[in-house]
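# Generate a structure from the sequence data that follows.
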Amino acid sequence: MLASAGAYGRAAAGECRADEGIEVRRLGAPHTHGTGYVAKALDYVQFHRRLARALRRLTPAPDVVVCMTTPPFAGVAAARFARARGARLVLWCMDLYPEALAANGWPREGGALYRLLARAARFERTRADTVVTLGPDMTARVRALAPAATVEEIPVWSRCSAGAADRVAARVLRRARGWDDDEIVLLYSGNMGRAHRAEEFAALAMRCAGAPRRVRTVFCGAGPLQLRWHRSWPGLLEWLDPVDEAMLVPHLLAADIHLISQQPAWVGVVTPSKYSSACALGKPVIFAGPAGAAIARWIAEGDTGWRLPPNDPDAVNAVAMDVLDAALIERKGANAEAQCRRCFNPKALMGRLIARIENPAPSTSPGNGKD
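Have a look, this model is predicted:
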């Protein structure tokens, strides 16, 4: 595994070898990645140079290269190396570039710089034996830029699972936070980045303010939009500090409904991983985002929650009534757990990924393969 020695928010460890026999080579000196545009660009350029050098020095030549999509366009170096050494390439997309840059406002889609970056993206996607995407919306984005790409949809899976001890811990945590058993807790937990939105959740909180049962709208996490959201709706939303890994499952179980959101411009560019975690724990979701997003489709297919389209007060009113129905929450939560077993089973999804790495032939499943 070739990875950066830097990390976000802390310094990464140096070169190490895992117990499972996986050698991890960290490139460069340990440091904390910058968060500004210039600092990130410099980090990326340095990593690309180190990656190309490390690939050239690999002996013996690998049979297959699996490349992630951060930093952007790492697949270009991987594709060149794979072709030169006769190796197969699997491009595993967690996000898409340059689409993410355009969604963030720069460069403008269709502009000269965007077209230049799009050529790099097309190169890495068409040179890959398989491009792994996370959902149908991401598949559509990949094919829009590179119609000849061979695509396999493999959603992200969740490592969350709940045992009896986790459920007891969740009840204890709920009491410690002052959440009564007869209250409905709506929880947004995770990144508050530019791909997300909170307007619909604030509108829902306002609509539920006078409900017969108390409805709490709780936000937990961090990100570039956290301060803006906090200032936009003072006193309306409740805020928690991020929880550590050991308390993550009880923290998620303590809520009744999970909140997930996505800005329209980011549909197909990223796929929030919160959905599979909610399903794994049997929790229904409220999704604030457009109908074309993968999560909106999964909710419709499995009846696992509710959707709040952007700027739709009628939808807010309807959801405000539904979240007071404990039986409905329980039924949609059971549907979410059933969908997890069908569609987000970790063993099954990892098996599909392994099969794609070991076998470059296109899948015969509907919606996958070369166009």
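
# Would you map the strands across the stretch 251-371 of the chain?
In the stretch 251-371 of the chain, the strands defined using DSSP state E, counting those that start in this stretch lie at 257-261, 285-288, 305-308.

# Direction included, what does the first one pair up with?
Translated: strand 257-261. strand 184-191 (parallel), strand 285-288 (parallel) (DSSP bridges).

# related to what we said a few turns ago, of the strands of the stretch 251-371 of the chain, give the one that comes closest to Val249.
strand 257-261 (12.9 Å; Cβ to Cβ). In short, each C-beta sits where N, CA and C put it, glycine included.

# avg pLDDT for the closest one?
The predicted model assigns strand 257-261 a mean pLDDT of 98.

# And for stretch 38-52?
Per-residue scores along stretch 38-52 average to 88.

# Stretch 167-175 too?
In this model, stretch 167-175 has a mean pLDDT of 97.

# ok, and for that stretch, which residues are buried?
Using 16 or more other Cβ atoms under 10 Å as the test for burial, stretch 167-175 gives 169-170, 173-174.

# Turn the residues you listed into JSON lines, columns for distance to Thr126 and secondary structure.
Output for these, formatted as JSON lines (distance: Cβ to Cβ, whole Å; DSSP: H, G, I helix; E, B strand; the rest coil):
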{"residue": "Ala169", "distance to Thr126": "48", "secondary structure": "helix"}
{"residue": "Ala170", "distance to Thr126": "47", "secondary structure": "helix"}
{"residue": "Leu173", "distance to Thr126": "49", "secondary structure": "helix"}
{"residue": "Arg174", "distance to Thr126": "51", "secondary structure": "helix"}
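
# export the strands of the stretch 251-371 of the chain to JSON lines and tack on distance to Gly110 and mean neighbour count?
Formatted as JSON lines, those follow (distance: least, Cβ to Cβ, whole Å; neighbours: other Cβ atoms under 10 Å):
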{"stretch": "strand 257-261", "distance to Gly110": "27", "mean neighbour count": "25"}
{"stretch": "strand 285-288", "distance to Gly110": "28", "mean neighbour count": "26"}
{"stretch": "strand 305-308", "distance to Gly110": "30", "mean neighbour count": "24"}
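
# just how off-centre is stretch 186-203 within its chain?
Its chain's average C-alpha position is 14 Å from that of stretch 186-203, according to Cα atoms, centre = their mean, to the nearest Å.

# Spatially nearest residue to Val66 (excluding sequence neighbours)?
Using Cβ to Cβ, 6 or more residues apart in numbering and skipping the chain neighbours, the partner closest in space to Val66 is Val90 (4.7 Å).

# SS state for that neighbour?
Secondary structure, DSSP: H, G, I helix; E, B strand; the rest coil: Val90 is strand.

# Tell me what it is bridged to.
Going by DSSP bridges, Val90 is paired in beta bridges with Val66, Thr130.

# all helices of the stretch 51-200 of the chain, in order?
Applying DSSP state H, counting those that start in this stretch to the stretch 51-200 of the chain gives helices spanning 74-85, 99-103, 112-127, 136-145, 164-176, 199-207.

# Could you tell me the angle between the fourth one and strand 88-92?
I take that to be helix 136-145. Put simply, helix 136-145 runs at 130 degrees to strand 88-92, going by axes from the mean of the first three to the mean of the last three Cα atoms, to 10 degrees.

# CA atoms only: put helix 136-145 into PDB for me.
Presented in PDB, the C-alpha positions along helix 136-145 are these (Å, rounded to 0.1, in the frame of the first residue of the first chain):
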ATOM      1  CA  PRO A 136     -26.100   4.800 -10.000                       C
ATOM      2  CA  ASP A 137     -25.700   8.500  -9.900                       C
ATOM      3  CA  MET A 138     -21.900   8.200  -9.700                       C
ATOM      4  CA  THR A 139     -22.000   5.700 -12.600                       C
ATOM      5  CA  ALA A 140     -23.900   8.200 -14.700                       C
ATOM      6  CA  ARG A 141     -21.300  10.900 -14.000                       C
ATOM      7  CA  VAL A 142     -18.400   8.600 -14.900                       C
ATOM      8  CA  ARG A 143     -20.000   7.600 -18.200                       C
ATOM      9  CA  ALA A 144     -20.900  11.100 -19.100                       C
ATOM     10  CA  LEU A 145     -17.200  12.000 -19.100                       C
END
